[in-house]
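Undergrad: quick one, fold the following:
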Amino acid sequence: MRKSRLIAPLGVGAAVAAACAAAGLATSSTTFANVPSANTRSTGYAPVSMLSAGLQQIAVAQGSTKVDDPSAAVSYYGYDNDALNPAGDPEMVASPATGGTEAHKTEPDKNTYLVFKNGLTGPDRRYDYGTHFLYQGHETGSPGYITRINLDADAAHRVTVLATKDDTGADIADIDGSTWDPWAQRLLFTTENQNAPTYSATPNYPSRVHDVSGALGRGGYEGIQDDSAGNVWIVEDIGGSLKPGTTAKIPNSFLYRYVPKTPGDLAHGRLQVLQVLNDSGEPITQESQTPLQSPDQVALHTYGKTFVTRWITIHDTAVDGSAPFNANVLAKAAHGTPFKRPENGQFRPGSHFTELYFDETGDTNATSPENDCCGGWGSVFKLTQSDPSAADGTLTVFYNGDQAHAGFDNTAFFSADVISFVEDAGDTLHGQRNALDSGYLLDVNVDYSKHFNQPVRWLAEGRDASATLDADNGGFGKNEGDNEITGIHVSDGDPSSGGLLGAKTPKPFQAGWRFFWTQQHGDNVTWEVVRGS
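TA: Alright, predicted model coming up:
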């Protein structure tokens, strides 16, 4: 029997709603107690992460985990071999003894969990690598690479580097987003770089990595997700220029949908961009959102307003060929609708892939004049269609952030009604608000235009010593700054089309459903969250 939500229903008094929000949020599988506050940010301070009561986390890998197939370029999970000590190991801690040098941290990013019942091979052909695997691309360093955490394996075989080069022999670019395409039987990886490929990769060792940007295009791609029709949805994150004399960014990133000729075809198909129409029936474009606090921008972020949307084809391999192309340029030329750094999206379970929730990170600066009106703090949008392949739909703003809830990045559903967004607010905003990042739960049935309805914090992220050194010492190490929450992922690992994110109602901690996130920067720890004893 489904438990009642602990967020109060619409129409109750402010005091009751506030009390319920303070208590936490319940799903059918667990209750997430509210963590009262974020960790503060101060010089030399490295606080521990705080989770909802009853939860604990286990490190499944971290930057200093040695891989089971070391090479000259990569021998540890989260470090390049660009600065080695006399013993030949990466210098993981900058110190005066090494002149402040430090091996480059590679920042494992989005997690994708898969279960292969017949197992997968690894570099040690005599070893059984098990059946449960967690995949990542790495966001920085050279070369880029793909790792697989072998969750059933011992310490010596825990992390495998699947590939550092593509099938042409070229170095892999740095990677951001990932997902599994069950029809293609390939992982898909995005690079958040308009000049770098979008990749497909086989899950086994060694992985065959192929550039698919002749069909899917290249852009500042981050979030990527399949729907039940075999379409591939891509969320782009390119910051954009500043509006003159301000810290507000011009919206510069788009939502795309790749429609393959047949499901799983990553070479033949159409790439489309989302276009949103204003009240006059005109497209909301970058030009219409360039003036400070433009009417179109204000309207997009107004609770209760509904906008008509339509998909515009910007590239068709049958007409335009299969050479790699810049999707961002084509989207602007087609009058697609850009947002302030959208990063990730998820389909609501039980909606039959007709409801997509996606975020925009915003300006990540407390001085932006567009924070309170125009998505500067970040927002969450709900796109509704009659089916995942529909040509049109509607868009509404579901949640507008504020200083305490800003810079949303990765996302995952925890039930049919409860979705999590995690922050990537950045060093500047961390200092301005004296608060590090948090992970939040929101109920899709709650009206967040009511100020007393607030997200529930399930994680107040801390800061490890490596990130603290980087943030406090102006480049003494690699200066990657504060830890960031990324890679939040809730899945049962089903590699069939029935296991697509959004196809089943998640049940964290039950029936094989598992919950991961990565504390990026610093020590780069990938965590599994479990129930406490």
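Undergrad: tell me which element the residue most central in space within the chain is part of?
TA: Nearest to the mean C-alpha position of the chain, by Cα atoms, centre = their mean, lies Asn410 at 3.1 Å. For Asn410, the element it lies in under DSSP states H and E is strand 408-413.
Undergrad: could you spell out the sheet neighbours of that strand, each with its direction?
TA: Strand pairing for strand 408-413, using DSSP bridges, gives strand 418-423 (antiparallel).
Undergrad: now the partner strand - C-alpha only, CSV.
TA: What follows is strand 418-423, C-alpha atoms only, in CSV (Å, rounded to 0.1, in the frame of the first residue of the first chain):
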residue,chain,number,x,y,z
VAL,A,418,9.0,12.4,-6.0
ILE,A,419,11.9,13.8,-8.0
SER,A,420,15.3,14.9,-6.8
PHE,A,421,17.4,17.7,-8.1
VAL,A,422,20.9,18.3,-6.8
GLU,A,423,22.8,21.6,-6.8
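Undergrad: contacting residues for the residue nearest to the centre of the chain?
TA: Residues in contact with Asn410 (Cβ atoms under 8 Å, 6 or more residues apart in numbering) are Lys110, Gly223, Glu343, Asn344, Phe421, Val422, Asp424, Ile485, Thr486, Gly487, Ile488, Trp517. Glycine gets a C-beta too; all of them are placed from N, C-alpha and C.
Undergrad: from what I can see the first one touches Gln136, true?
TA: Okay, so that is Lys110. Yes. Counting by Cβ atoms under 8 Å, Lys110 does reach Gln136; the two are 6.8 Å apart.
Undergrad: overlap in contacts of the two?
TA: Shared contacts of Lys110 and Gln136, defined by Cβ under 8 Å, 6+ apart, comprise Ser178, Gly487.
Undergrad: so these two - more neighbours on which side?
TA: Set Lys110 next to Gln136 and count neighbours by other Cβ atoms under 10 Å: Gln136 wins out with 31 against 25.
Undergrad: run the chain-centre distance for the helix or strand containing that one.
TA: Assigned by DSSP H and E, Gln136 belongs to strand 132-137. Put simply, strand 132-137 sits 15 Å off its chain's centre (Cα atoms, centre = their mean, to the nearest Å).
Undergrad: again, but for stretch 197-216
TA: Centroid separation for stretch 197-216 versus its chain: 19 Å, with Cα atoms, centre = their mean.
Undergrad: so how far does that stretch reach from one end to the other?
TA: Its start and end residues considered, stretch 197-216 measures 9 Å (Cα to Cα, to the nearest Å).
Undergrad: give me the buried positions along that stretch.
TA: Judged by neighbour count using 16 or more other Cβ atoms under 10 Å, the buried positions of stretch 197-216 are 197-207, 209-216.
Undergrad: and what of stretch 387-395?
TA: So, applying 16+ other Cβ under 10 Å, buried residues of stretch 387-395: Pro388, Gly393, Leu395.
Undergrad: name the nearest of the residues you listed relative to Ala23.
TA: Distance to Ala23, by Cβ to Cβ, is smallest for Leu395 among the buried residues of stretch 387-395, at 32.0 Å.
Undergrad: what pairs with the host helix or strand of the closest one, parallel or antiparallel?
TA: Under the criterion of DSSP H and E, Leu395 resides in strand 392-400. In the sheet, strand 392-400 lines up against strand 307-316 (antiparallel), strand 379-384 (antiparallel) (DSSP bridges).
Undergrad: now those in CSV, with mean neighbour count?
TA: Shown next, in CSV, are the strands paired with strand 392-400 (neighbours: other Cβ atoms under 10 Å):
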stretch, mean neighbour count
strand 307-316, 19
strand 379-384, 21
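Undergrad: Glu192: which of the ones you listed is closest?
TA: Distance to Glu192, taken as Cβ to Cβ, is lowest for strand 307-316 among the strands paired with strand 392-400, at 19.0 Å.
Undergrad: what distance separates that closest one from the centre of its chain?
TA: So, by Cα atoms, centre = their mean, the centroid of strand 307-316 is 23 Å from its chain's centroid.
Undergrad: give me the next element, helix or strand, following it.
TA: Sequence order places helix 317-320 as the next helix or strand after strand 307-316, per DSSP H and E.
Undergrad: output the contacting helices and strands for the next helix or strand after that following helix.
TA: Once the chain leaves helix 317-320, the next helix or strand it forms, by DSSP H and E, is helix 327-333. Judged by 3 or more Cβ pairs under 8 Å, 6 or more residues apart in numbering; DSSP states H and E, the packing partners of helix 327-333 are strand 269-276, strand 307-316.
Undergrad: same list, those strands, but as TSV with mean pLDDT and distance to Lys507 please.
TA: As requested, those are exported to TSV (pLDDT from 0 to 100; distance: least, Cβ to Cβ, whole Å):
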stretch	mean pLDDT	distance to Lys507
strand 269-276	99	31
strand 307-316	98	32
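Undergrad: how about a markdown table for those strands, with distance to Glu282 added?
TA: Shown next, in a markdown table, are the helices and strands packed on helix 327-333 (distance: least, Cβ to Cβ, whole Å):
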| stretch | distance to Glu282 |
| --- | --- |
| strand 269-276 | 10 |
| strand 307-316 | 11 |
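Undergrad: of all those, which one is nearest Gly499?
TA: Closest among the helices and strands packed on helix 327-333, once you apply Cβ to Cβ, is strand 269-276, at 22.3 Å.
Undergrad: and the helix or strand just after the strand holding Gln136, C-alpha only, in PDB?
TA: Where DSSP H and E defines the elements, the next helix or strand beyond strand 132-137 is strand 146-150. In PDB, the C-alpha atoms belonging to strand 146-150 read as follows (Å, rounded to 0.1, in the frame of the first residue of the first chain):
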ATOM      1  CA  ILE A 146      35.200   5.700 -19.800                       C
ATOM      2  CA  THR A 147      35.200   3.700 -16.600                       C
ATOM      3  CA  ARG A 148      33.100   0.800 -15.300                       C
ATOM      4  CA  ILE A 149      32.800   0.100 -11.600                       C
ATOM      5  CA  ASN A 150      32.500  -3.600 -11.100                       C
END
